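K.L.:
coordinates only, sequence not included:
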DNA sequence: ATAATATGTCAAGTATATTTTACTTTATAT
DNA sequence: ATATAAAGTAAAATATACTTGACATATTAT
């Protein structure tokens, strides 16, 4: 299950995967993996991504229901 | 930085650390470590904890500001 | 006082998140 | 057509989340 919300929020900021990776302090492949989604990042990474994209955890990582 | 919100939400459900661990499918020490807080759980674990406690990610793991 | 349950913590092992290097493909521009 | 940036993917290495087992303390009840 892809995480399209991260991808969309990143696009809204006109950032490449590499831009976001640098802002967050991880490798580009890690961002790619998060967006690809078959993968379980740590909460601190999720929080860093949220802060870089001006979103909250619920907005990017919570599935209602 | 302790996570007192998880501890409080668990108390509100009258669950022990062991109860929550079993509900979530991890060891009791892992729950203890999450509440102790000097530690970086995966998002899937956080989501499982939220579901077991009827809370969302923002309610238990997001720090405003 | 003693038993039982809940919590805190530690050390060693296992599973997996993340990095690094590298190659391929797709899009955008010149 | 070709150059460049962006994205997708993979294998091997490293860092760290999580488990297991064990022991100590605190709490509550009998």
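P.N.:
Structure received. Just so we're clear, the structure is a prediction, and the values are computed from it rather than from any experiment.

K.L.:
The longest helix along chain A near chain B at all?
P.N.:
Secondary structure of chain A read by DSSP state H shows that its longest helix is helix A:43-53. Yes: among the residues of helix A:43-53, A:43, A:44, A:46, A:47, A:50 lie within reach of chain B under CB under 8 Å from any CB of the partner chain. For glycine as for every other residue, the C-beta is placed from the backbone atoms N, C-alpha and C.

K.L.:
Residue A:9: what's it in contact with?
P.N.:
Contact criterion CB atoms under 8 Å, 6 or more residues apart in numbering or on different chains gives A:53, A:54, A:55, A:59, A:60 as the residues in contact with residue A:9.

K.L.:
Quick one: mean pLDDT for the helix or strand harbouring it?
P.N.:
Per DSSP states H and E, residue A:9 falls inside helix A:4-12. Helix A:4-12 shows a mean pLDDT of 95.

K.L.:
tell me the angle it makes with helix A:43-53.
P.N.:
Using axes from the mean of the first three to the mean of the last three CA atoms, to 10 degrees, the inter-axis angle of helix A:4-12 relative to helix A:43-53 is 30 degrees.

K.L.:
Helix A:4-12: which residues count as buried?
P.N.:
Going by neighbour count (16 or more other CB atoms under 10 Å in any protein chain shown), the buried part of helix A:4-12 is A:6, A:7, A:9, A:10.
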